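> Okay, here's the prediction I keep looking at, along with the sequence it came from:
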Amino acid sequence: MLRSRLFSGNARLNACSTSNSSHVTAGQKGEFVALLQYALLVLENAAIAQSEIDAETYGKTTAAAVLNYKTKRQIINRSYQTKPDDIVGIMTITVLDAEIFALERANAIVPFSRASAGRLKHWAV
């Protein structure tokens, strides 16, 4: 079960944290993608295209941000992988959730809103 306020209320991300069939992959769209993008902006100052943020779409730049995040942290399912991929699965959402939860506990994160995600992107550019 996800612990961060950012992710815990989202059924799709909770499913991602427990089910391999609920991985988040390129081409998907929705608030769950926006939440992931926001986390990547907060944690990594990720270079995600404004068009993907506005459309809540897991496009090429979101996938690249996920791959970069996973590479830095060596998030690899070694039972079948030798290098990170650009998919948000159980391992990835668990690490993202733990990092966001720690920031929330330290009051070091702006609560998510579509406006705050857009502002973070503009500040990062």
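On my side now, so go ahead. This one's a predicted model, so the numbers in the text were calculated from it and none came from an experiment. Numbers count the residues shown, from 1 in each chain.
> mind checking the longest helix of the chain?
The single longest helix within the chain, with elements called by DSSP state H, is helix 90-105.
> pLDDT on that helix, on average?
Averaging pLDDT along helix 90-105 gives 97.
> for that helix, the distance to its chain's centre please.
Computed by CA atoms, centre = their mean, to the nearest Å, the separation of helix 90-105 from the middle of its chain amounts to 9 Å.
> That one - contacts with which helices or strands?
Helices and strands in packing contact with helix 90-105 are listed as helix 5-8, helix 11-16, helix 31-44, helix 60-73; criterion 3 or more CB pairs under 8 Å, 6 or more residues apart in numbering; DSSP states H and E. For the C-beta atoms, the positions are set from N, CA and C on the backbone; glycine is no exception.
> And it, what's buried?
For helix 90-105, the buried set under the neighbour-count rule, 16 or more other CB atoms under 10 Å, comprises 91-94, 96-97, 99-101, 103.
> ditto for stretch 35-49
Neighbour count says stretch 35-49 has 35-44, 46, 48-49 buried, by 16+ other CB under 10 Å.
> ok, now stretch 57-71?
Under the neighbour-count criterion of 16+ other CB under 10 Å, stretch 57-71 has 57-59, 61-63, 65-70 buried.
> ok and the longest helix of the chain relative to helix 60-73, angle-wise?
Direction vectors for helix 90-105 and helix 60-73, defined by axes from the mean of the first three to the mean of the last three CA atoms, to 10 degrees, enclose an angle of 90 degrees.
> what's next to helix 90-105, contact-wise?
Contact partners of helix 90-105, identified using CB atoms under 8 Å, 6 or more residues apart in numbering, comprise 2-8, 13, 16-20, 24, 36, 39, 42-43, 66, 69-70, 73, 75, 77, 88, 109.
> Need the buried residues of stretch 35-49 in TSV (columns: distance to Gln81).
Shown next, in TSV, are those (distance: CB to CB, whole Å):
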residue	distance to Gln81
Leu35	24
Leu36	20
Gln37	23
Tyr38	26
Ala39	22
Leu40	20
Leu41	26
Val42	26
Leu43	22
Glu44	21
Ala46	22
Ile48	24
Ala49	26
